[in-house]
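J.: got a predicted structure here, sequence first:
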Amino acid sequence: FWGMELAYQRVPGVAATLVGYTQGRETFPTYDQVRAGNTHHAEAVAVLYDPSECSYEELLDIFFHRVDPTTVDGQGQDYGRQYRTGVYYHTSAQETSARARFAQEADKFPSRPIATELGKSMPFWPAEVYHQQYLERGGRSGNPQSAAKGATEEIRCYG
């Protein structure tokens with residue numbers, strides 16, 4: 001979720017991001033519980049944005065630019081149910097926009113089914129403080145990455 005968070009941090013109109021866990025059955029899950037794969041949560045990014053500056057459709061553009069929606073239970077170097085991709089809507093307008101976008105994505109992959117989940121948002125539980133703005137603070141490598149609005153440098157999750 002670190003790479004997706006940094007991508008959203010860079011979007012003009014995004015006021016705040018928060019990484020955490022959603023779509024699971026446990027309350028207040030920890031990273032270790034989610035990583036073990038027993039809570040049914042997915043790692044996720046909550047995004048607070050100003051719709052007069054950034055549309056929900058623009059946020060979907062960022063999401064689909066960063067993921068392969070046909071990959072089951074993982075992205076990049078991370079695999080497991082907790083790393084599945086998903087779009088979880090809060091309003092009927094978001095649902096309508098997301099369903100339209102999923103149809104567009106399906107057209108791009110006629111021989112491969114879309115594995116990315118689409119559903120109503122369940123409770124979101126913030127991840128531990130050390131996960132927040134992780135790449136902006138240097139990540140594993142200790143090399144901070146720019147979260148400046150409009151930044152275009154490649155996002156590096158593992159070095």
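T.: Looks like it came in fine.

J.: pretty sure residue 151 contacts residue 10?
T.: Yes. The pair residue 151 and residue 10 passes the contact test of C-beta atoms under 8 Å, sitting 4.7 Å apart. In this view, the C-beta of every residue, glycine as well, is placed from N, C-alpha and C.

J.: tell me which of the two has more neighbours.
T.: Under the neighbour definition other C-beta atoms under 10 Å, residue 151 and residue 10 were set side by side, and residue 10 has more, 21 against 14.

J.: the more buried one contacts residue 154, correct?
T.: No. Contact between residue 10 and residue 154 fails when scored by C-beta under 8 Å: they sit 11.8 Å apart.

J.: report the distance from stretch 115-124 to the chain centre.
T.: Centre-to-centre, stretch 115-124 and its host chain are 11 Å apart (C-alpha atoms, centre = their mean, to the nearest Å).

J.: ok, stretch 100-111 next?
T.: 19 Å.

J.: could you do stretch 22-36 as well?
T.: On C-alpha atoms, centre = their mean, the centre of stretch 22-36 falls 16 Å from that of its chain.

J.: before we move on, what about stretch 69-79?
T.: 12 Å.

J.: just the CA trace of it, in CSV.
T.: The C-alpha trace of stretch 69-79 is given here as CSV (Å, rounded to 0.1, in the frame of the first residue of the first chain):
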residue,chain,number,x,y,z
PRO,A,69,-6.4,-5.6,-12.4
THR,A,70,-6.1,-9.2,-13.7
THR,A,71,-3.6,-10.3,-11.0
VAL,A,72,-5.2,-12.5,-8.4
ASP,A,73,-4.2,-11.8,-4.7
GLY,A,74,-1.2,-9.6,-5.2
GLN,A,75,0.7,-6.8,-6.9
GLY,A,76,4.4,-6.3,-7.6
GLN,A,77,6.5,-8.4,-5.2
ASP,A,78,3.6,-8.9,-2.7
TYR,A,79,1.4,-12.0,-3.0
